[in-house]
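>>> Predicted model and sequence follow; I will ask about them next.
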Amino acid sequence: MSSNFRAPPIPPADQINFSKIFKFVCQQKKLLILVTLSGGLIAASYAFLATPEYAISTVLRPVAVNELDALNRSEIYQLPPSEALLKVGATLDSYDARLAFFRANQNLFEAFVRPGRTLEQSFEEFNRNSIRLSLPGADKKNTLSAYIKLEMMYPKGIDGVSILNGFVGYAVAREREQIAADLNVIIKNRLVELEGKLDSARSNYNIEKEAKITSLREVDSLRRAQLQDELKALRSQLKTLRSNRMAQLSEAIGIAKSLGINKPATPSSLGEQVNTGSGSVMRTEVNNQQVPLYFMGTEALNAELAALRLRRSDEFTESRIAQIAKELQMLAYNREVEVLNSRENEDIFLAGVQPLRAEIARLSNLNVNISDLKLVAIDQQALEPLKPASPNRLLIVILGLFAGLIFALGAVFLKYVFLVPVAGPTAALTELQQRPNEMIRN
């Protein structure tokens, strides 16, 4: 009895016979072709029946420095080209700006309006799905590489080029109007500030003027009071002097009467009155002492006394009184005060306001033509596309055929599994069990 019996290996239950599957697939080639072509036909139907959508874009870059030179040289509004680009980009990305453009140009957006929707709801669909802004170079330090790209997707029947280019022009015009409004506000505020400084200078001038006038009048009042006091004192002094003189004259008259001096005489002549010798005698008297008043004689003394008693004023005897009267008369009118009060245009006398006036004149005559101000350079304007961006018909058909082929292969495999069980590994095991004797002999 031979002992070289070897049992053939039993294939595992999950083993697949690819050769049989391949033969089965080849037998089902009509099904494969039919399903594949059906998938391609469905995809082609969608590709040719779907509404074409077009893609356009526009690119904005910073303008040259000279375009903003007039604005920057105004010294009240500084706008570098990179900042101008970002301002326009912010307006392009603004929901409010887009909605305002949508409302102002409803004839361009008729295709987006749906019955039963408000204008804002129709705009929301357009804003969410149709337009997109990108700033790939805005964060770079080199402003020459900065740019703004605005892209738009729109279905057939929409004038997308007019919408995109119109929106860019609207955004630039809106930002230009905002700059003009800001410039006007800044100029107005600056003028108000300068006028306030001028008013302050005028107020300071008026205060200084009033202070000076008051000071001048105070000095005049003080001087007038001093002169009047001096005049009063002089008058009192002259009156006292006149009284003293009258007393002296009365005393001298008494003495002269007792000595019998009627005519002016001298002490020597008085001693020789008794000597009445003949001949003419000429005497010269030298005396360093003051001759007493009574030697004037009673006639002269009485005459002077009578004149002093009749005198109504002693002012003519003192030259200082006339000088005081002159000074008092001059103090009656202060010409400097009159000149200060008679000034008509006092602004010309304000100190340190010439730069303010020059700045007011410059700002008042400042003429920056904002309407011609170029904020951005349109590097690429939106143009009418030559072909739609979607759908890509060739790609859709290819994907449809591929999907149909995959679906067909799956269907054939399922058919092979469920309809042809004898082709599986279980049939091989059954055949091996039915021929045990033959295998033992071998």
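Cool, got the structure. Numbering: from 1, shown residues only.
>>> Would you mind finding the longest strand in the protein?
Ranked by residue count and defined by DSSP state E, the top strand of the chain is strand 53-62.
>>> Tell me the buried residues in it?
By neighbour count with 16 or more other C-beta atoms under 10 Å, strand 53-62 contains the buried residues 53-54, 56-62. C-beta: built from backbone N, CA, C; applies to glycine.
>>> how about JSON lines for these, with pLDDT added?
Shown next, in JSON lines, are the buried residues of strand 53-62 (pLDDT from 0 to 100):
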{"residue": "Glu53", "pLDDT": "78"}
{"residue": "Tyr54", "pLDDT": "82"}
{"residue": "Ile56", "pLDDT": "88"}
{"residue": "Ser57", "pLDDT": "89"}
{"residue": "Thr58", "pLDDT": "91"}
{"residue": "Val59", "pLDDT": "91"}
{"residue": "Leu60", "pLDDT": "91"}
{"residue": "Arg61", "pLDDT": "90"}
{"residue": "Pro62", "pLDDT": "91"}
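>>> show me where pLDDT drops low in this structure?
Under the criterion pLDDT under 70, the flagged ranges of the chain are 1-18, 21, 47, 49-51, 136-145, 270-288, 390-391, 393, 419-442.
>>> middle-most residue in it, spatially?
Centroid-nearest residue in the chain, with C-alpha atoms, centre = their mean: Ile186, separated by 4.9 Å.
>>> number of nearby residues for the closest residue to Gln28 other than its chain neighbours?
Using C-beta to C-beta, 6 or more residues apart in numbering and skipping residues adjacent in sequence, the residue nearest Gln28 is Val412, 4.8 Å away. For Val412, the count of nearby residues is 20 (other C-beta atoms under 10 Å).
>>> Who are the packing partners of the helix or strand harbouring the residue nearest to the centre of the chain?
Under the criterion of DSSP states H and E, Ile186 resides in helix 160-259. If contacts are counted by 3 or more C-beta pairs under 8 Å, 6 or more residues apart in numbering; DSSP states H and E, helix 160-259 sits against strand 53-62, helix 81-92, helix 95-104, strand 148-155, helix 297-310, helix 319-331, helix 335-341, helix 354-364.
>>> Can you give me the buried ones in the helix or strand harbouring the residue nearest to Gln28?
According to DSSP H and E, Val412 maps onto helix 393-419. Neighbour-count burial for helix 393-419 flags 393, 396-397, 400-401, 403-405, 408-409, 412, 416 (criterion: 16+ other C-beta under 10 Å).
>>> How about stretch 81-101?
Buried residues in stretch 81-101, defined by neighbour count with 16+ other C-beta under 10 Å: 81-82, 84-89, 91-94, 97-99, 101.
>>> Next, Ser74: secondary structure please.
Of the three states, Ser74 takes coil under DSSP: H, G, I helix; E, B strand; the rest coil.
>>> That one reaches Val368, doesn't it?
Yes - applying C-beta atoms under 8 Å, one finds Ser74 in contact with Val368, separated by 5.7 Å.
>>> any residues in contact with both of those two?
Taking C-beta atoms under 8 Å, 6 or more residues apart in numbering as the contact rule, Ser74 and Val368 both touch Leu183.
>>> shouldn't Arg202 be in contact with Asp347?
Yes - using C-beta under 8 Å, Arg202 is in contact with Asp347, at 7.1 Å.
>>> Neighbour count for the two, which is higher?
Shown here are Arg202 and Asp347; by other C-beta under 10 Å, Arg202 has more neighbours (15 against 12).
>>> What sits closest to the more buried one if chain neighbours are left out?
Spatial nearest neighbour of Arg202, excluding adjacent residues (C-beta to C-beta, 6+ apart): Leu350 at 6.5 Å.
>>> so how far is Arg362 from the one you found?
For Leu350, the distance to Arg362 equals 18 Å [C-beta to C-beta, to the nearest Å].
>>> just to revisit the earlier point, export the buried residues of strand 53-62 as JSON lines, with columns for distance to Gln323.
Formatted as JSON lines, the buried residues of strand 53-62 follow (distance: C-beta to C-beta, whole Å):
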{"residue": "Glu53", "distance to Gln323": "111"}
{"residue": "Tyr54", "distance to Gln323": "109"}
{"residue": "Ile56", "distance to Gln323": "103"}
{"residue": "Ser57", "distance to Gln323": "100"}
{"residue": "Thr58", "distance to Gln323": "96"}
{"residue": "Val59", "distance to Gln323": "95"}
{"residue": "Leu60", "distance to Gln323": "90"}
{"residue": "Arg61", "distance to Gln323": "90"}
{"residue": "Pro62", "distance to Gln323": "85"}
